[in-house]
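Colleague: how would this look folded up:
(one chain, ligands or ions: 1)
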Amino acid sequence: MQPPKLDWAKSWLKSTKQLYIQGAWTPSVSQETFDSINPSNKEKLAALSLAGKADVDLAVKSARTAFENASWRGMNRRERATVLRSIAQLIRSHQAELATLETLDNGKTYQESFYDDLPESADVFDYYAGWIDKIYGGSVPVEKGFINFTQHEALGVCALIVPWNFPLLLACWKIAPALAMGNTLIVKPSPFTSLTMVRVFELIHESKILPAGVLNLVTGDLEAGEALSRHSGIDKISFTGSTAVGKKVAEGAASSNLKRVSLELGGKSPNIIFDDVKDLESVVARSFQAMFSHKGEKCSEPTRFIIHEKIYSEFVSRLIPKAEAIVCGDPFDSKTQQGPQAHEGHYQKILNYIELGKKEGAKLLCGGGRDPYSEKSGGFFIRPTIFGDVKNNMRIAQEEIFGPVLCLIKFQTEEEAIAIANGTPYGLAAGVYSDDAKRAHRVATQLDAGMVFVNHYGCYDFASPFGGVKQSGWGKEMARHSLEEYTKLKSVWVRYS
Ligand code: NAD
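Modeller: Just a heads-up that it's a prediction; the model follows:
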């Protein structure tokens, strides 16, 4: 692992970060700014331009002009693929710099940023570069005298709104396929974590690999997000964030120009562990890692372990010491396993949920509040918290907490486990551990979730669709599915007789 670039970051953070519109850096029309705060110590990292409605109008104009002049979608496909590969390379060659910014801004450990977020942010551009000449329509057998074929066309101007938990990575998951298909884009990162996106835009700008207006960046929050959702000049909005805001985005799209919408939203994912598992220690270890890495701020993490009553006590006795051993602290310290929660409002929300769990009568098995490092640093550190004897109708089992707080729920029968697993408004991911292959398959088919992990919670690959059902979202990311999200399918009829 390359060491962090803290001196470089200190100097880079001194200047106010501006919006990027029509291939140039510009302050917001209002000249207003907001601060990005380091969650490890509450210190200001940098000031950023605060985009509002007027800035969104300018960004839409810029993206629309670039779409109409076809400087990007009209580019030779091989050249377009080369541009995507160059972006991958830019990210790769600035891995330590970007990982440093991500850790400063989000609080995840430098190791997590360096090994989890950064490589994938680069690789996804290579993956979609490879797709550019591999997505094509088909010839349709229709009535005699006609030829009918389909073709995939770029959608137009796409707005991409992302949250703060994997700031650069989740943006790249959208930018790469949307660019691959020839669209022009407006990216809006979370106000809590915009810095890595700003830096990647700088690198792209300096390398002059994209025509002006193809990529636009607006930093800001609700006003910019709402303006994007409601703008009639946008053809598609791809949103990752909370279910509550996702509903507003869908409303904004419906009440304006009915732009296409895809939503990657919250989760309350179950992880069922049957009593037939032979290697309980590895099940506990894998489940623990899936739940508590990235400080429990992962949408698909298994926040409800549904454990057969026969192995419940042994499972708990193996699980708790792992949580108690977690070291919270400076995310740049190699001994630290868990950094601060991403921002103060979120930190308070998690602490409130922990208090709620105690009041609701769940049994607090470990954690239960701030980590002492919070006092020392002024940052937002929470002890990994596990509640036992949780009932699935408790609010801590129904509502997304999005932090290091785990619910343990006992079950007796397979039917009961499935009912508990499916018994929330969410359907992002689900896990099942069983050494009985028939049972594992039977249960997997009945879990109402977009992704089901059998005997290894948390597998991801660009080739496999990612996304939820129910109130966890609309649509899929990754693989060919993302490309379909950023294209429109045209059916062409030709009469030949
Ligand atoms: P959030 O919904 O508060 O914000 C997400 C983004 O929406 C931010 O960029 C924000 O500025 C913007 N926004 C805020 N109000 C808006 C509005 N009215 N209209 C349009 N945009 C608006 O979410 P968050 O707190 O940043 O992130 C955490 C949430 O993201 C969790 O619920 C988590 O489950 C979810 N998430 C889902 C996935 C997934 O793939 N399903 C992945 C990561 C995170």
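Colleague: spell out which residues of the stretch 351-497 of the chain are next to the ligand.
Modeller: Residues of the stretch 351-497 of the chain lying near the ligand by C-beta under 6 Å from any ligand atom: Glu400, Phe402, Leu428, Gly468, Ser472, Gly473. For the C-beta atoms, the positions are set from N, CA and C on the backbone; glycine is no exception.
Colleague: how about the residues of the stretch 151-300 of the chain near the ligand?
Modeller: When proximity is defined as C-beta under 6 Å from any ligand atom, the stretch 151-300 of the chain approaches the ligand at 161-165, 170, 188, 190-191, 221-222, 225-226, 229, 240-242, 245, 248-249, 264-267, 299.
Colleague: pLDDT on stretch 112-124, on average?
Modeller: For stretch 112-124, the mean per-residue pLDDT is 98.
Colleague: list the buried residues of it.
Modeller: Glu112, Ser113, Phe114, Asp116, Asp117, Leu118, Glu120, Ser121, Ala122, Asp123, Val124 (16 or more other C-beta atoms under 10 Å).
Colleague: pretty sure the first one sits against His294.
Modeller: Think Glu112. Yes - if you go by C-beta atoms under 8 Å, Glu112 and His294 touch, sitting 5.7 Å apart.
Colleague: quick one: stretch 60-70 to chain centroid distance?
Modeller: 27 Å (C-alpha atoms, centre = their mean, to the nearest Å).
Colleague: try stretch 375-384
Modeller: From the chain centre to the centre of stretch 375-384 is a distance of 24 Å (C-alpha atoms, centre = their mean).
Colleague: do stretch 121-133 as well
Modeller: Worked out by C-alpha atoms, centre = their mean, stretch 121-133 lies 18 Å from the chain centre.
Colleague: same question, stretch 30-50
Modeller: 22 Å.
Colleague: for the helix or strand that contains Ala59, buried residues please.
Modeller: Using DSSP states H and E, the element containing Ala59 is helix 53-68. Residues Asp55, Val56, Leu58, Ala59, Val60, Lys61, Ser62, Ala63, Arg64, Ala66, Phe67 are the ones in helix 53-68 that count as buried (16+ other C-beta under 10 Å).
Colleague: what's the next helix or strand after that helix in contact with?
Modeller: Sequence-wise, the next helix or strand downstream of helix 53-68 (DSSP H and E) is helix 77-93. For helix 77-93, contacts defined as C-beta atoms under 8 Å, 6 or more residues apart in numbering pick out 72, 75, 98, 118-119, 121-126, 128-130, 132-133, 168, 172, 176, 179-180, 182, 200, 203-204, 207, 209-210.
Colleague: are any of the residues you listed buried, and if so which?
Modeller: Buried subset of these (neighbour count, 16+ other C-beta under 10 Å): 72, 75, 98, 118, 121-126, 128-129, 132, 168, 172, 176, 179-180, 182, 200, 203-204, 209-210.
Colleague: in helices, which of these fall?
Modeller: Judged by DSSP state H, these include 98, 118, 121-126, 128-129, 168, 172, 176, 179-180, 200, 203-204 as members of helices.
Colleague: the ligand contacts on the stretch 1-150 of the chain?
Modeller: Counting by C-beta under 6 Å from any ligand atom, no residue of the stretch 1-150 of the chain lies close to the ligand.
Colleague: show me the shaky parts of the stretch 1-150 of the chain.
Modeller: Within the stretch 1-150 of the chain, the set of residues satisfying pLDDT under 70 is empty.
Colleague: contacts only, for whichever residue of the stretch 101-250 of the chain sits closest to the ligand.
Modeller: Proximity of the stretch 101-250 of the chain to the ligand (C-beta to the nearest ligand atom) peaks at Gly225, 2.2 Å away. Contacts were defined as C-beta under 8 Å, 6+ apart; by that measure Gly225 touches Ile161, Lys188, Val245, Val249.
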